[in-house]
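> Below are the sequence and a predicted model for it; my questions follow.
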Amino acid sequence: MPFKYAGLEETIINAVKDSVEAKDVAVAFSGGLDSGLMSAIAKKYAKSVHLYTCGTSKAHDVIMARDLSEKLELPWTQAEISKRNVELLIKEMISATGTTDPFTLSYELQLFCVCREAKEDIVITGQGADEYFMGCAKFVDQTDNDYEMQREAAVERLLKVSIPCEISIAKHFGKELLYPYMSEEVLSGVKSLDQDELRPKDMDSRKSVLRDIAEDLGYPYIAARKKKSSQYGSGTTDIIRALAREKGMFYNEYIASLCDEVLFGERTKCRGSVINARVDPIVKVEAEKILQQLRLSPSEAVEMFYNKIIEDGGVQSVEIPAKKDR
């Protein structure tokens with residue numbers, strides 16, 4: 001009986017082959033399913049493959065990556081991150097990319113460290129697998145409408161926030177980034193599937209199609225890999241939180257202070273009240289790009305807006321949408 005996903009399997013193989021054939025390549029390697037399968041395929045076609053993992057010495061990703069690199073018999077290097085160097089790395093990343101969003105910085109710092117460490121000019125990454133093969137935890141236990149909203153939002157963030165940041169990272173280090181899972185052919189193959197097959201029924205069935213492909217290719221130990229989100233699996237978030245606590249700051253407040261130091265020449269102090277507000281991530285990124293051009297920090301912009309509300313006795317220049325009944 002032919003393998004159910006044989007067409008998509010062949011497409012993924014060709015996408016990796018086209019990316020790496022006869023080249024010396026680095027892999028942004030977490031030790032999980034996405035980068036593991038990509039590395040196993042790349043080994044067959046590349047001139048050489050070297051795996052790089054960012055994380056603390058005891059991080060989940062580092063332990064998983066070391067183990068899988070031995071199974072794949074590929075050279076592996078740890079791009080170490082620690083309390084000693086993380087602040088300098090974050091500031092360099094802010095300067096190189098203009099990124100100020102705390103979540104994006106924590107998530108993309110791993111690729112930044114890999115590109116900094118890699119000797120090869122070409123870096124391949126498993127980016128896109130979570131969004132298109134349904135690997136995010138937030139896709140589980142959702143209503144149909146919420147699932148669609150989450151899926152669309154994840155892809156939008158990937159294309160409008162993550163990829164532009166990663167392109168800036170690659171440019172900073174003179175690297176070429178390649179995304180096999182996001183090739184037109186692979187995405188076309190994913191769209192041709194019954195979308196219910198991609199939708200996870202529980203946490204263990206996330207990326208089940210990709211796991212089945214890894215199993216069919218003879219890599220059951222890759223198909224079974226468990227992984228945390230990169231910012232947690234690498235230990236990055238824990239380090240940043242610890243540094244923030246030492247300085248008497250909240251996580252986002254600490255990141256904001258580093259952004260202000262890099263972009264405006266001085267680190268803000270705890271000048272006043274902290275405002276916790278949920279904003280669409282795309283709106284946040286686009287607005288903060290404009291604020292950077294105006295040399296205004298987000299804190300200054302919010303304070304200006306609040307002062308304007310006080311001055312006008314309301315929000316006169318902004319159309320306030322009607323709230324839906326709950």
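Received, thanks. Residues are numbered from 1 along each chain as shown.

> ok now the longest strand anywhere in the chain, how far from the chain's centre?
Using DSSP state E to define each element, the chain has its longest strand at strand 48-55. With CA atoms, centre = their mean, to the nearest Å as the basis, strand 48-55 stands 17 Å off its chain's centre.

> can you pull the buried residues of that strand?
49-55 (16 or more other CB atoms under 10 Å). All C-beta spots, glycine's among them, are computed from the backbone N, C-alpha and C.

> Dump these into a markdown table; add distance to residue 205 and pLDDT as well.
Shown next, in a markdown table, are those (distance: CB to CB, whole Å; pLDDT from 0 to 100):
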| residue | distance to residue 205 | pLDDT |
| --- | --- | --- |
| 49 | 29 | 98 |
| 50 | 32 | 98 |
| 51 | 27 | 98 |
| 52 | 29 | 98 |
| 53 | 26 | 97 |
| 54 | 28 | 96 |
| 55 | 27 | 95 |
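
> now the helices: where do they sit in the stretch 1-150 of the chain?
Assigned by DSSP state H, counting those that start in this stretch, the helices in the stretch 1-150 of the chain fall at 6-20, 33-45, 60-72, 86-97, 102-117, 129-132, 144-157.

> and of the ones you listed, who's closest to residue 239?
Closest approach to residue 239 among those is made by helix 86-97 (5.1 Å; CB to CB).

> Report the central residue of this structure.
Note on the chain: the residue nearest the mean C-alpha position is residue 107, at 4.6 Å, using CA atoms, centre = their mean.

> who's in contact with the closest residue to that residue other than its chain neighbours?
Leaving aside its sequence neighbours, residue 107 sits nearest to residue 231 (CB to CB, 6 or more residues apart in numbering; 5.0 Å). For residue 231, the contacting residues are 103, 106-107, 109-110, 237, by CB atoms under 8 Å, 6 or more residues apart in numbering.

> can you do 6 Å?
Contact partners of residue 231, counting by CB atoms under 6 Å, 6 or more residues apart in numbering, are 106-107, 237.

> With pLDDT and distance to residue 136 added, can I get those residues in JSON lines?
JSON lines is the format used below for these (pLDDT from 0 to 100; distance: CB to CB, whole Å):
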{"residue": "106", "pLDDT": "90", "distance to residue 136": "16"}
{"residue": "107", "pLDDT": "90", "distance to residue 136": "12"}
{"residue": "237", "pLDDT": "91", "distance to residue 136": "16"}
